[in-house]
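**Student:** Here is my input; please provide its structure:
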Amino acid sequence: MKRNILFYACVLLMFGLGVYFALLFGSRSEQGRQDKEHYVSPKTTNDLSNGQDWAETIVRSAGGVLRENLREPLSILLLQLIFIVAATKSAAKLSMKLGQPAVVGEMVAGILLGPSLLGQVFPDLWSFLFQASSMGALKLLGQIGVMLFMFVVGMELNTRQLRKGAHAAVIISHASIVIPFFLGVLLSLIIYRLFDPPAVSFTSFALFMGVAMSITAFPVLARIIEERGMSRSYLGGVAIACAAVDDVTAWCILAFVIALVRASGTGALMTILMAISFVVIMLYFIRPRLDRLLGGAIENGEWEKGITIGILVFIFASACFTEIIGIHSLFGAFLAGVVMPTTPGLQDLLKNRLTAFSSIALLPIFFAFTGLRTQINLLNDWRSWLLCLGVIAVAIIGKLGGTMLAARWVGMGWASSFSIGVLMNTRGLMELIALNIGYDLGIIPERIFVIMVLMALVTTSITGPLLSIGGFMERKYSTIPPLFKPQNSV
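**Tutor:** Below is the predicted model:
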């Protein structure tokens, strides 16, 4: 042991001295040029001879270097990540302790990091931390995180369950889309006249508002059902099936709206035809081959890093294609998840390998970016707040009320109908994704964006308390009609 330490010390000393003398020799070889470039006047020499002045000069020089380095784009981005990840994860943990989904805390943290709170309390810090020039990098990183999230959403979509869903689930899911969509279009008649969104037709605006009112947060709903032990219940199965149909339908309509906004006339028709062709190819050509390729690899235990990289490339290629044809990259990422094989263990493996970092670092960036766009101070008069309350009321009545009435129509009890309506009223992250798309395309103005974000936050945060009320009602009035009994079709 001592012999190894002695050898190590000798090597360091020998080669360290070698480097030192090499640098010394090189410095002396250009002595003349350096003397000329670094000539110091007598006044400066006298100043530097003072020990205190010399120390102050060093401190000022070091401080200047640190300030310059702090203004570098990479330093700014790293500081942003520190603030964003710490704030969103702390808020998510607090939210879960309060009985709320983690996404509620993350949504609130994003808003608090924006101009609504941090920008008001610490304006200098906010303007330095979230400079306009750094927003592009934040947006792109957040988009990548959302792409991976949408891939997982598509992968967790049980298409077999959709095909063999009970008649009750089909009727409820259609009602939970049509009724809020209709109310959203009606509401747009008022909003469009008040705000007159520039460079967008009423048709595009109204269709987008209908979609925004119809969205259900499928991942949040699935987690709530699992946490409350409802996964194997008939109510949980119906809610999952309804949410899955809701999400697929809403995203298809949203893709149609995006095609209308980005192109017009023949261009929009071509975009829609290319999108339909892409969906057909993915479902009937790509999917069977992925089943044989990846399914066999999992069953034989031959999973390699190359396959993970290949799937990641497949996700980005699918997202890139839908972006190029004029829909949106998120639709391609979602479809890439839908065509993934359902081989046992594959989904967990992909979630662990592809989304572990994404959910920790990239998705919080999306929440923060959304919060930076949410300026609550834009609602600066009673009419804006009245409109905000009206939008929230219409969203709840359309989604919760429409779903509840449809569930009651197919034979469920009032308590169970109320519970499934509450679950379908959850919007969460899926709503924020759709709203950001609409904002980027110029479909909704800034003030409507703020109102819709607040609507998404309220409708998601009331899910837990209302679901507890529904459970209490069901225990108190436990009269379940025959149609609510478990069926083989779910």
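
**Student:** and whichever strand or helix holds residue 392, what other elements does it pack with?
**Tutor:** For residue 392, the host element (DSSP states H and E) is helix 382-396. Other elements packing on helix 382-396 under the criterion 3 or more Cβ pairs under 8 Å, 6 or more residues apart in numbering; DSSP states H and E are helix 167-195, helix 446-461. (C-beta placed from N, C-alpha, C; glycine too.)

**Student:** CSV for the ones you listed, including mean pLDDT, mean neighbour count and distance to residue 147?
**Tutor:** As requested, the helices and strands packed on helix 382-396 are arranged in CSV below (pLDDT from 0 to 100; neighbours: other Cβ atoms under 10 Å; distance: least, Cβ to Cβ, whole Å):
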stretch, mean pLDDT, mean neighbour count, distance to residue 147
helix 167-195, 84, 20, 25
helix 446-461, 91, 22, 20
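
**Student:** Kindly reformat those as JSON lines and extend each row with distance to residue 416.
**Tutor:** Converted to JSON lines, the helices and strands packed on helix 382-396 look like this (distance: least, Cβ to Cβ, whole Å):
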{"stretch": "helix 167-195", "distance to residue 416": "11"}
{"stretch": "helix 446-461", "distance to residue 416": "20"}
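
**Student:** residues of stretch 125-133 that come out buried?
**Tutor:** Using 16 or more other Cβ atoms under 10 Å as the test for burial, stretch 125-133 gives 126, 129-130.

**Student:** how many degrees apart are the helix holding residue 392 and helix 446-461 in direction?
**Tutor:** Computed by axes from the mean of the first three to the mean of the last three Cα atoms, to 10 degrees, the angle separating helix 382-396 from helix 446-461 equals 40 degrees.

**Student:** Show me the contact partners of helix 382-396.
**Tutor:** 180, 183-184, 187, 191, 194, 213, 378-379, 425, 427, 447, 451-452, 454-455, 458-459, 462 (Cβ atoms under 8 Å, 6 or more residues apart in numbering).

**Student:** what residues are up against the nearest residue to residue 242 once chain neighbours are set aside?
**Tutor:** The shortest distance from residue 242 to any non-neighbouring residue, by Cβ to Cβ, 6 or more residues apart in numbering, is to residue 173 (3.9 Å). Residue 173 makes contact with 165, 241-243, 245-246, 249, according to Cβ under 8 Å, 6+ apart.

**Student:** What of residue 260?
**Tutor:** For residue 260, the contact set (Cβ under 8 Å, 6+ apart) comprises 201, 203-204, 207, 268.

**Student:** Check it and give its pLDDT.
**Tutor:** For residue 260, the pLDDT comes out at 78.

**Student:** what's the helix or strand for it?
**Tutor:** Here residue 260 is assigned to helix 234-262, by DSSP H and E.

**Student:** Which SSE is immediately downstream of that helix?
**Tutor:** That would be, after helix 234-262 and using DSSP H and E, helix 266-281.

**Student:** quick one: that next one to helix 234-262, angle?
**Tutor:** Using the same axes, to 10 degrees: helix 266-281 against helix 234-262 is 140 degrees.

**Student:** which residues make contact with helix 266-281 from outside it?
**Tutor:** Contacts for helix 266-281 (Cβ under 8 Å, 6+ apart): 255-256, 259-260, 262-263, 321-322, 325-327, 331-332, 335.

**Student:** Buried residues of it, list them for me.
**Tutor:** Neighbour-count burial for helix 266-281 [16+ other Cβ under 10 Å]: 268, 271-272, 274-275, 278-279.

**Student:** follow-up on the earlier one: in CSV: the contacts of residue 260, plus distance to residue 417 and secondary structure.
**Tutor:** Compiled in CSV, the contacts of residue 260 are given as follows (distance: Cβ to Cβ, whole Å; DSSP: H, G, I helix; E, B strand; the rest coil):
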residue, distance to residue 417, secondary structure
201, 37, coil
203, 34, helix
204, 34, helix
207, 28, helix
268, 39, helix
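
**Student:** on that earlier part again, of the contacts of helix 266-281, which is the most crowded?
**Tutor:** Sorting the contacts of helix 266-281 by how many neighbours each has (other Cβ atoms under 10 Å) puts residue 332 first, at 28 neighbours.

**Student:** Give me the most central residue, the chain.
**Tutor:** Note on the chain: the residue nearest the mean C-alpha position is residue 146, at 4.3 Å, using Cα atoms, centre = their mean.

**Student:** quick one: the residue lying closest to that one once chain neighbours are set aside and residue 80, what's the gap?
**Tutor:** Nearest residue to residue 146, sequence neighbours excluded (Cβ to Cβ, 6+ apart): residue 366, at 5.4 Å. Separation of residue 366 from residue 80 (Cβ to Cβ, to the nearest Å) stands at 13 Å.

**Student:** Kindly report the same for residue 112.
**Tutor:** 15 Å.

**Student:** The two: which has the busier surroundings?
**Tutor:** Under the neighbour definition other Cβ under 10 Å, residue 112 and residue 80 were set side by side, and residue 80 has more, 22 against 17.

**Student:** contacting residues around the more buried one?
**Tutor:** By Cβ under 8 Å, 6+ apart, the contact list for residue 80 reads 129-130, 134, 138, 365, 368.

**Student:** Taking those residues, tell me the two that lie furthest apart.
**Tutor:** Greatest spatial distance among the contacts of residue 80 (Cβ to Cβ): 129 and 365, at 13.3 Å.

**Student:** Show me the shaky parts of the stretch 351-490 of the chain.
**Tutor:** Filtered on pLDDT under 70, the stretch 351-490 of the chain yields the residue ranges 471-490.

**Student:** for it, what spans make up the helices?
**Tutor:** Ranges of helices in the stretch 351-490 of the chain, per DSSP state H, counting those that start in this stretch, are 356-357, 363-373, 382-396, 402-409, 414-424, 428-440, 446-461, 463-476.

**Student:** Name the residues of stretch 407-425 that are buried.
**Tutor:** 407-408, 410, 412-413, 415-425.
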